[in-house]
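> with the sequence up front, the predicted model follows.
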Amino acid sequence: MFQTDDKNVIENRRSFVGGSDVPIILGLSKYKSQFELAKEKTGLVPTVFEGNEYTVYGQTMEPQIRDYINVINETNFQPDTVIDKELCIRGNCDGADKTELLLLEIKTHGKKPTMEAYKAQMQLYMYVFNLPAGWLALYERPDNFDAEFDPELLKIEVIHFDEAYANQILQAIELFWKRCEALKRQPDMTEAEYYSITLEEKNEIAIVASEVQKFELQIQSFKETESQYKAMKDKLYQLMMDHKVKSFETDRCIITLVLPTEATSIDTKALRESHPRIAKKFEKTSPKKGYTKVSVKKTKEVQ
């Protein structure tokens, strides 16, 4: 990890949103939050450039991959840069072929490429370069970081410009800059305060969050009651077992003793360990819906 004192580089990064910033702004990055990025853009924390073996490998392979693609496909992809001062966006693409109207984005990656982040970055680039489609060149990085180009490791996916998605990205960038301006005025702003800022004058997030909080506190209270209920049911079960009572009636409930049974299931962990190929054959990937996680803060006891 290293830092730079080059004022031009720092100011350029602070003044514009680049392709690598888009996944962070959209919440697709696992390395940095939007709040952390905003602190860098506003100069509240130093702008840090992380250099490691992965980035060095990518820089080494990029020209080789681009040259190979140009030769094989008779294209003329060349690195290019566009700056939109009005929207404060900077696009540095790995290649643009203005004749073929194609963008090229090269990614050297591990076993699981972060496709959503790559595609979001390409949508921004296709917008600023005014190109209708792009090639996402995915080069799987060898374990030994062999820098000799191997065409077997290269796959190309065609990505088409999605105007609706691009507009979402532009709106997210607009909101990001609005939050940065607020952060400049209030440098001690909390992360919660930062994310509560919206494009609308009326803070809809804060309003809905307040309602969610109300229900969450009710649910927490219910969980405590449910825990007591389960404990009491267990006690009743044991009493009915001890006294050989199969059924008991109150004025409003009929309580029935249900004896223990056995259920047969497959030990998936043991199956994967003993027969990984068979287990792999029957694996199924299902989409998981996103959600908001709510955690109740612990209150300090007043002494």
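Perfect, thanks for sending it.

> report pLDDT for Gly110.
pLDDT for Gly110: 92.

> heads up, I number from 37, so please use that
Right, with 37 as the first residue, what we last looked at is Gly146.

> which residues are in contact with it?
Residues touching Gly146, when contacts are defined by CB atoms under 8 Å, 6 or more residues apart in numbering, comprise 176-177. From N, CA and C alone the C-beta is placed, and that goes for glycine too.

> and it, how far from Thr286?
In this structure, Gly146 lies at 61 Å from Thr286, with CB to CB, to the nearest Å as the measure.

> next one: Cys216
Applying CB to CB, one obtains 63 Å for the distance of Cys216 from Thr286.

> Leu160 too?
On the measure of CB to CB, Leu160 and Thr286 end up 65 Å apart.

> higher neighbour count, the two?
The residue with more neighbours, out of Leu160 and Thr286, is Leu160; 24 against 7, by other CB atoms under 10 Å.

> next, the buried residues of the strand or helix carrying the more buried one.
Leu160 is part of helix 151-164 when elements are defined by DSSP states H and E. Residues 153-164 are the ones in helix 151-164 that count as buried (16 or more other CB atoms under 10 Å).

> same check on stretch 188-196?
Neighbour-count burial for stretch 188-196, counted by 16+ other CB under 10 Å, picks out 190, 195.

> now do the contacts for Thr278.
Careful, residue 278 is Asp and not Thr. Under the criterion of CB under 8 Å, 6+ apart, Asp278 has no neighbours.

> the nearest residue to Glu89 once chain neighbours are set aside in helix, strand or coil?
Once flanking residues are discounted, Glu89 sits nearest to Phe181: 6.5 Å by CB to CB, 6 or more residues apart in numbering. Three-state call for Phe181 (DSSP: H, G, I helix; E, B strand; the rest coil): coil.

> tally of neighbours for Phe181?
13.

> now do it against Glu110, distance only.
Using CB to CB, one obtains 30 Å as the distance from Phe181 to Glu110.

> Pro187 now?
When distance is defined by CB to CB, Pro187 is 16 Å away from Glu110.

> next one: Lys148
With CB to CB as the criterion, Lys148 and Glu110 are 32 Å apart.

> Ile101 belongs to a strand?
No - assessed by three-state DSSP, Ile101 does not belong to a strand; its assignment is helix.

> tell me the contacts of it?
Remark: with contacts taken as CB under 8 Å, 6+ apart, Ile101 is in contact with 142, 173, 175, 185, 190.

> any chance of these in CSV, with secondary structure and distance to Glu76 too?
Conversion of the contacts of Ile101 to CSV gives the following (DSSP: H, G, I helix; E, B strand; the rest coil; distance: CB to CB, whole Å):
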residue, secondary structure, distance to Glu76
Ile142, strand, 25
Ala173, strand, 28
Tyr175, strand, 29
Phe185, coil, 34
Leu190, strand, 33
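
> using neighbour counts, trim those residues to the buried set.
Burial by neighbour count, judged by 16+ other CB under 10 Å, picks out 142, 173, 175, 190 from those.

> most widely separated two among the residues you listed?
Ile142 and Leu190 (9.4 Å; CB to CB).

> what touches both of those two?
In terms of CB under 8 Å, 6+ apart, Ile142 and Leu190 are both contacted by the residues 101, 173, 175.

> quick one: least confident helix or strand in the chain?
strand 38-39 (a mean of 35; mean pLDDT, DSSP states H and E).

> once you drop chain neighbours, what's closest to Leu211?
Closest to Leu211 by CB to CB, 6+ apart is Leu235, at 5.3 Å.

> which phi and psi does the one you found have?
Backbone geometry at Leu235, expressed as degrees, to the nearest 10, gives phi -70, psi -30.

> nearest to Ile209, of the shared contacts of Ile142 and Leu190?
Out of the shared contacts of Ile142 and Leu190, the one with the shortest distance to Ile209 is Ala173. That distance is 25.0 Å, counting by CB to CB.

> what domains does the record give for the chain?
Taking automatic domain parsing as the criterion, the chain consists of the domains 38-206, 236-290.

> go through the ones you listed and find the least confident stretch.
Mean pLDDT values for the domains of the chain show the minimum at domain 236-290, a mean of 83.

> give me the distance from that one to the chain's centre.
With CA atoms, centre = their mean, to the nearest Å as the basis, the distance from the averaged C-alpha position of domain 236-290 to the chain average is 34 Å.

> could I get the average pLDDT for the helix or strand harbouring Lys316?
Element membership of Lys316 [criterion: DSSP H and E] is helix 312-317. In this model, helix 312-317 carries a mean pLDDT of 84.

> which parts of that helix are buried?
Within helix 312-317, the residues that count as buried by 16+ other CB under 10 Å are Ala315.

> could you identify the longest helix within the chain?
Secondary structure of the chain read by DSSP state H shows that its longest helix is helix 240-278.
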